[in-house]
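**Q** Coordinates only, no sequence provided:
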């Protein structure tokens, strides 16, 4: 018999799986009708997190949590899943055959999973952190491959699930949900085999994508992208009142190189990129830190809350107040 989950019960299950910052919002949810089916979270001794779900979504709504840098390898066996990484929304469907998709989180990101009434979903996911991957690199080439994956322009990669992988997926799913399984190393062995095959596919795809992107850029811009991780360096400068010449000096590049780099990588000027990053930080503070709009506006460098609210709505198409109302802390659920 399927298990029914209320908002509180599902939230507790998500938090028990290690997602401390978790929110759920639904249009309506009687106590036992949020979703029904089977949900399993498991962390293997080798550090791989497994999540299995075979559920029917009974209401419209969404859950939201903050994810650390890492990758998630997913196979959708049946149905459709809708989700967003930060403000970029994705929709994956298993139509004629199961779909394989990999999410790459290159830094802390807000993950939102959308639910649709009467949508049946069966899927399995394997997740590891970026630190887990780097700790298993035996040489500089391996580490370069990892960094290339996390520096790719795409965050979500999708392929049809080949027969060899699908066999592993079905075996892994059955053993993961089998409560009578005596030897957990059976699950570990299959999980690693599935992970290795999927990761090779990801590496190959990112390498090909990188070659195409490199061929469309001029040599100077390509060298700048290789030699400078401007995004990481600029994080510590976001809240300093620096002119373009001062920024260029601190980042060790000319103004023209910086402007070309950010136009090429983000279709933004340097100042526009910095402003957007400040607003992204502000959103996280509103959602996860419970700060007031006035506090967040001050930390973002705005002298007037009205100016902050206008900039926030222009970027996110929603006001700070609406954002806070949308993501209610799960601790307040009754």
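**A** Perfect, I can see it now. What you see is a predicted model; the values in this text were computed from it and never measured. Residues are numbered from 1 along each chain as shown.

**Q** what comes up buried for stretch 84-93?
**A** The neighbour-count check on stretch 84-93 (16 or more other C-beta atoms under 10 Å) flags 84, 85, 86, 92 as buried. In short, each C-beta sits where N, CA and C put it, glycine included.

**Q** Check these and tell me the two furthest apart.
**A** Looking at the buried residues of stretch 84-93 by C-beta to C-beta, the two members farthest from one another are 86 and 92, with 17.2 Å of separation.

**Q** Which helix or strand in this protein has the lowest average pLDDT?
**A** Sorted by mean pLDDT, DSSP states H and E, the helices and strands of the chain end with helix 219-227, the least confident at a mean of 43.

**Q** now what about the following helix or strand past that helix, what contacts it?
**A** Tracing the chain past helix 219-227, the next element assigned as helix or strand by DSSP states H and E is helix 230-234. Contact with helix 230-234 is made by 224, 247, 250, 251, 253, 258, 261, 262, 273, 274, 277, as judged by C-beta atoms under 8 Å, 6 or more residues apart in numbering.

**Q** ok, now which ones touch the nearest residue to residue 49 once chain neighbours are set aside?
**A** In space, residue 49 comes closest to residue 127 once its chain neighbours are excluded; the distance is 4.4 Å by C-beta to C-beta, 6 or more residues apart in numbering. When the contact criterion is C-beta under 8 Å, 6+ apart, the partners of residue 127 are 48, 49, 50, 51, 70, 71, 72, 73.

**Q** Assumed residue 127 was part of a strand.
**A** Yes: with DSSP: H, G, I helix; E, B strand; the rest coil as the criterion, residue 127 is located in a strand.

**Q** who's it bridged to?
**A** The partner list for residue 127 in beta bridges (DSSP bridges) reads residue 49, residue 72.

**Q** How much space separates it from residue 98?
**A** Remark: distance between residue 127 and residue 98 (C-beta to C-beta, to the nearest Å) = 18 Å.

**Q** what's the answer for residue 266, then?
**A** Applying C-beta to C-beta, the value for residue 266 to residue 98 is 34 Å.
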